[in-house]
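In: Model the structure of this input:
(one chain, ligands or ions: 1)
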Amino acid sequence: MCEDFLVYLFGYGSILWRPGFPFIRKFNAYIKGYKRMFYQGSTDHRGTPDAPGRVVTLIKQPDDYEKDDWITWGTVYCIPDEEAEVILKNLDYREKGGYQRIETDIFINGKEGSHGKAILYVATTLNEEYLGDDTMDNIANQIFRSVGPSGRNLDYLLKLAASLRKMEVSDEHVFELETRVLEMMRIHNIPYHHEGKTNGMTADSPLTATSSSSSDIVASETLMLQKKYFVEPKGTLVIDDGAVQAISQRAKSLLPVGVVQVIGEFDCDSLVSIMDLNRQEISRGISNYSSKELSLLVGTHSGKIISVLGFSRGEAVVTNKNLILNNTFFSYRIHMDYYL
Ligand code: BEZ
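Out: As a prediction, the model looks like this:
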C-alpha cells in the first residue's frame, strides 16, 4: 500500500499493549516537547467517579524550558486511510474521559527531521478529570488502590512499563512508579511475574493474596508489623466528609482539621479505627498522636499543631502510608480482576 494512503496514529498509553484496531504495520517513534505523566484521572476505565485512578497523558514542555530532553517514545500504527474515520471514532469513544485528538510531528532514531505527522490523544490540563502533579508516593498509592471497569489501575501501570521495556525505551516517571507499586504488592503479598520481572512473591509463597491469613490487607509494612500487637483498634477517630473523600478517593493522609471526635484512650503509634459521621468504619491506621493530644487538635489546621501542643509529630494524624481502607472494600478492590 502506498504511504500516502496511510494515517499515522501515535500510541503512548494503553494503545501500546491493546490497540484494539486493525493496522497495516507499526514502528517505534518519538514526539518532541511532551512528557508522559500519570496526571489524568480515570473514572471510567481504571477508577470510578468516587475513587478515580490515574492514567497517562502528555504534558507540554514549558515555554521557558530550554533543553530539548522532553520527548516521549511510543508506537506509530499505520492505518488505511479509508478505515481511519471509523477507527478514530471508536477511539474517541474509548478515550472520551477528557482526551482530545491532536496532530504532531513524529521522529525516528537516526533521522534528523520529522518523519511525518501523527494523530494522538492528549488530555489537557483543563479537562474535568485532570489531576495533575502530586508526590510520587501519593501517585503510586492511588494507582495501587484504584480499580475500574477496565481492571486494576496497577495492571495498567505494569503493562505500560512492560511495553516500554519491550520497546527498549526508558521512562523515568513510569519506571519509578512501577518500582513503588511492585514494592507495595510485595508488602501486601500480591504476586507479580511478567517476562522475567518479579516482585519476589510467588504464587505459592506462604502468604499469598488469597490466603485467609492475608485477608487483612494492610497499607504499609509498619502497619503489618503493628497488626500483630494491635489486633483490636485502641480507639476511634470520627472524621468529616471532606476527610473521608481525601483519604478514600485521593489517597491523602488524615489531617487534624478533618477529625471531629476522638473516642477511647490511646498512645501515639496505636492502631485506630477511622469512622465517618454515620459511625461507619471506613479505614484503620496508625495514629501519630495520642488520644489526649488529639482531643486538643480536633479541627485544627496542621500549621497550628505546634502552637496548640508545643511540639509536632508531623502534619498528619495518620499518614497515607499507615492507612488502610475498610478491609472488605480494600481487598475487594485490590483482588478484583476484571477486564473489558
Ligand atoms: C495511547 O495509548 O496513546 C493513549 C490511549 C488513551 C488515551 C491517551 C493515550
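
In: Could you see whether the ligand lies near the longest helix seen in the chain?
Out: Using DSSP state H, we find that the single longest helix of the chain is helix 172-187. No. Against the ligand, helix 172-187 shows no contacts by CB under 6 Å from any ligand atom, the least distance being 12.6 Å. Just so you know, the C-beta spots here come from the backbone N, C-alpha and C atoms, and that holds for glycine as well.

In: what's the average pLDDT for that helix?
Out: Helix 172-187 shows a mean pLDDT of 94.

In: Dump the C-alpha coordinates for it into PDB.
Out: Output in PDB follows, covering the C-alpha atoms of helix 172-187 (Å, rounded to 0.1, in the frame of the first residue of the first chain):
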ATOM      1  CA  GLU A 172      11.900   7.500  34.500                       C
ATOM      2  CA  HIS A 173       8.400   8.600  35.700                       C
ATOM      3  CA  VAL A 174       6.800   5.300  34.700                       C
ATOM      4  CA  PHE A 175       9.600   3.000  35.900                       C
ATOM      5  CA  GLU A 176       9.800   4.800  39.200                       C
ATOM      6  CA  LEU A 177       6.100   4.300  39.800                       C
ATOM      7  CA  GLU A 178       6.400   0.700  38.700                       C
ATOM      8  CA  THR A 179       9.100   0.100  41.300                       C
ATOM      9  CA  ARG A 180       7.000   1.700  44.100                       C
ATOM     10  CA  VAL A 181       3.800  -0.300  43.200                       C
ATOM     11  CA  LEU A 182       5.700  -3.600  42.900                       C
ATOM     12  CA  GLU A 183       7.100  -2.900  46.300                       C
ATOM     13  CA  MET A 184       3.600  -2.300  47.700                       C
ATOM     14  CA  MET A 185       2.400  -5.500  46.000                       C
ATOM     15  CA  ARG A 186       5.300  -7.400  47.600                       C
ATOM     16  CA  ILE A 187       4.400  -6.000  51.100                       C
END
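
In: What pairs with the next helix or strand after it, parallel or antiparallel?
Out: For helix 172-187, the following helix or strand on the C-terminal side (DSSP states H and E) is strand 193-194. Strand 193-194 has the following strand partners under DSSP bridges: strand 197-198 (antiparallel).

In: Just the mean pLDDT for stretch 154-165, thanks.
Out: 96.

In: who's in contact with the most centrally placed residue in the chain?
Out: Closest to where the C-alpha atoms of the chain average out (CA atoms, centre = their mean) is residue 143, at 2.2 Å. By CB atoms under 8 Å, 6 or more residues apart in numbering, the contact set of residue 143 is 38, 53, 54, 153, 154, 156, 157, 177, 181.

In: at 6 Å instead, please
Out: Applying CB atoms under 6 Å, 6 or more residues apart in numbering to residue 143 gives the contacts 54, 153, 154, 157, 181.

In: quick one: secondary structure of it?
Out: helix (DSSP: H, G, I helix; E, B strand; the rest coil).

In: can you pull the buried residues of the helix or strand encompassing residue 164?
Out: If you go by DSSP H and E, residue 164 is part of helix 153-166. Neighbour-count burial for helix 153-166 flags 153-165 (criterion: 16 or more other CB atoms under 10 Å).

In: Equivalent analysis for stretch 54-67, please.
Out: Buried, per 16+ other CB under 10 Å, within stretch 54-67: 54, 55, 56, 57, 58, 59, 61.

In: Next, format those residues as TSV and append pLDDT.
Out: Rendered in TSV, the data for the buried residues of stretch 54-67 read as follows (pLDDT from 0 to 100):
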residue	pLDDT
54	96
55	97
56	97
57	96
58	97
59	96
61	92
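
In: Among those residues, which ones are in strands?
Out: Within the buried residues of stretch 54-67, residues falling in strands by DSSP state E are 54, 55, 56, 57, 58, 59.

In: So which elements touch the longest helix of the chain?
Out: Counting contacts by 3 or more CB pairs under 6 Å, 6 or more residues apart in numbering; DSSP states H and E, helix 172-187 packs against helix 136-145, helix 153-166.

In: Columns distance to the ligand on top of these, output as TSV?
Out: Below are the helices and strands packed on helix 172-187 laid out as TSV (distance: least, CB to the nearest ligand atom, whole Å):
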stretch	distance to the ligand
helix 136-145	16
helix 153-166	9
